[in-house]
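J.: make a model of this:
(one chain, ligands or ions: 1)
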Amino acid sequence: MQNKSQIEFWNGDTGRNWVAHDALMEAMLQPIGEAILDVFRFEPNARALDIGCGCGHPTLSLAERIGAGGSVTGVDISAPMLAVAHELTVTSAPDRARVDFLEVDAQVHPFELASVEHVFSRFGVMFFEDPVAAFHNLHAALIASGTLAFCCWQSRTVNPFMTVPAQAALELLPPPPEMPPNAPGPFAFAEPDYVHSILSQAGFSDISITPLRHALVFGAGLSLTEIVEHLVNIGPIAQLVRDAPEALQQPVRDRVANALKPFFTDRGGINLEGQFWQVTANA
Ligand SMILES: C[S@@+](CC[C@H](N)C(=O)[O-])C[C@H]1O[C@@H](n2cnc3c(N)ncnc32)[C@H](O)[C@@H]1O
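T.: Take a look at the predicted model:
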């Protein structure tokens with residue numbers, strides 16, 4: 001079975017925790033997804049895929065931009081996240097494209113050939129075991145004049161949202177095991193040459209990979225203590241803290257809160273700049 005460990009990962013604690021923190025995550029990631037959606041030029045009745053659609057918010061945004069007459073399919077492997085996505089579509093919206101969700105692996109699912117004009121993803125395409133095979137599969141779903149646009153993280157080291165809490169936690173906890181540089185995960189696409197090579201091997205042309213900077217605002221309206229409590233359940237230090245002994249739970253939280261203090265404002269949450277790649281290509 002392909003992507004077995006990611007399927008387990010996104011159907012386990014991570015998927016359930018993402019659902020529990022859906023509103024906070026969405027508030028943080030929404031502006032980045034909108035910046036990627038700005039890339040597309042939608043024709044009337046356009047058809048699109050949202051790959052790794054998660055809880056479905058960007059899928060709906062895509063459907064709203066396309067409008068009535070079009071269709072959008074959100075694709076994900078996480079049952080708990082797709083359950084949230086399904087709920088979002090319970091309220092009908094006549095001005096929106098039709099929205100469907102599929103619980104399938106985008107790397108191997110036999111999408112109808114040449115059936116969509118656009119493939120979009122907000123942080124959902126860095127988790128494939130075989131990224132060339134996956135993008136080849138997505139390429140086959142696109143019509144000849146189709147377009148691809150997605151965002152992915154630049155390296156962890158240029159993203160203080162990742163490094164600041166992690167460095168504070170690592171003052172007390174042992175480091176996690178080193179991952180191979182392109183292992184499936186949030187930072188698998190940090191190297192633009194690697195992304196370019198995947199897309200060109202998969203058949204894409206006119207590949208463009210441009211840096212995108214955006215504020216990552218997390219926990220607006222919450223106290224710093226509340227924010228840290230969320231961050232130990234979802235985000236860069238969740239696994240580290242989950243595995244930590246009971247005696248270190250509070251000291252780690254205190255260190256993380258202290259490290260995040262300079263980035264915190266009352267009512268504004270924590271605000272750290274994020275660095276991403278905006279990737280576009282033609283079929
Ligand atoms: C970081 S989350 C992003 C979710 C959503 N796009 C968002 O921005 O809120 C990554 C998503 O990719 C999904 N995913 C990972 N591997 C996948 C695969 N092979 N096929 C489809 N979805 C996948 C995960 O289940 C998860 O929902």
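J.: who in the stretch 1-150 of the chain is up against the ligand?
T.: 3, 6, 10, 29, 52-55, 58, 75-78, 81, 105-107, 122-124, 127-128 (Cβ under 6 Å from any ligand atom). In this view, the C-beta of every residue, glycine as well, is placed from N, C-alpha and C.
J.: in helices, which of those residues fall?
T.: 6, 10, 29, 58, 81 (DSSP state H).
J.: quick one: which of those residues is nearest residue 195?
T.: residue 6 (18.2 Å; Cβ to Cβ).
J.: got the contact list for that closest one?
T.: By Cβ atoms under 8 Å, 6 or more residues apart in numbering, the contact list for residue 6 reads 77, 127-129, 184.
J.: contact partners for residue 218?
T.: Contacts of residue 218 (Cβ under 8 Å, 6+ apart): 24, 27-28, 161, 227, 230-231, 235, 269-270, 272.
J.: and residue 168, how far from residue 107?
T.: 36 Å (Cβ to Cβ, to the nearest Å).
J.: where along the chain do the helices fall?
T.: 4-11, 13-20, 22-37, 57-66, 79-88, 131-141, 160-170, 192-201, 224-231, 238-242, 246-260.
J.: any idea which of those is most buried?
T.: Ranked by mean neighbour count, those are led by helix 57-66 with a mean of 23 (mean count of other Cβ atoms under 10 Å).
J.: what's that one packed up against?
T.: helix 22-37, strand 47-51, strand 71-76, helix 79-88, strand 98-103, strand 116-122 (3 or more Cβ pairs under 8 Å, 6 or more residues apart in numbering; DSSP states H and E).
J.: circling back: and of the contacts of residue 218, the nearest to the ligand?
T.: Relative to the ligand, the closest of the contacts of residue 218 is residue 28; by Cβ to the nearest ligand atom it sits at 9.5 Å.
J.: now do the contacts for the closest residue to residue 52 other than its chain neighbours.
T.: Using Cβ to Cβ, 6 or more residues apart in numbering and skipping residues adjacent in sequence, the residue nearest residue 52 is residue 124, 1.8 Å away. By Cβ under 8 Å, 6+ apart, residue 124 lies in contact with 50-54, 76, 106, 150.
J.: output the contacts of residue 6 as a markdown table; include the columns neighbour count and pLDDT.
T.: What follows is the contacts of residue 6, written out as a markdown table (neighbours: other Cβ atoms under 10 Å; pLDDT from 0 to 100):
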| residue | neighbour count | pLDDT |
| --- | --- | --- |
| 77 | 24 | 98 |
| 127 | 25 | 98 |
| 128 | 24 | 98 |
| 129 | 17 | 97 |
| 184 | 17 | 95 |
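J.: and which of the residues you listed is nearest to the ligand?
T.: For these, the closest approach to the ligand (Cβ to the nearest ligand atom) belongs to residue 127, at 3.6 Å.
J.: show me which residues of stretch 93-113 are buried.
T.: For stretch 93-113, a neighbour-count test (16 or more other Cβ atoms under 10 Å) marks 96-97, 99, 101-103, 105-107, 109, 111 as buried.
J.: nearest to residue 45 among the contacts of residue 6?
T.: residue 77 (28.4 Å).
J.: which residues are in contact with the closest one?
T.: Residue 77 neighbours (Cβ under 8 Å, 6+ apart): 3, 6-7, 10-11, 103-106.
J.: for it, give me phi and psi.
T.: When quoted as degrees, to the nearest 10, the phi and psi of residue 77 stand at phi -100, psi 0.
J.: which residue is the nearest non-sequential neighbour of it?
T.: Closest to residue 77 by Cβ to Cβ, 6+ apart is residue 7, at 4.9 Å.
J.: packing partners of the helix or strand of the chain with the lowest mean pLDDT?
T.: Across the helices and strands of the chain, mean pLDDT, DSSP states H and E gives its lowest value to helix 238-242, namely a mean of 88. Applying 3+ Cβ pairs under 8 Å, 6+ apart, we find helix 238-242 packed against helix 13-20, helix 160-170, helix 246-260.
J.: swap in 10 Å and give it another go.
T.: Secondary-structure packing of helix 238-242 (3 or more Cβ pairs under 10 Å, 6 or more residues apart in numbering; DSSP states H and E): helix 13-20, helix 160-170, helix 224-231, helix 246-260.
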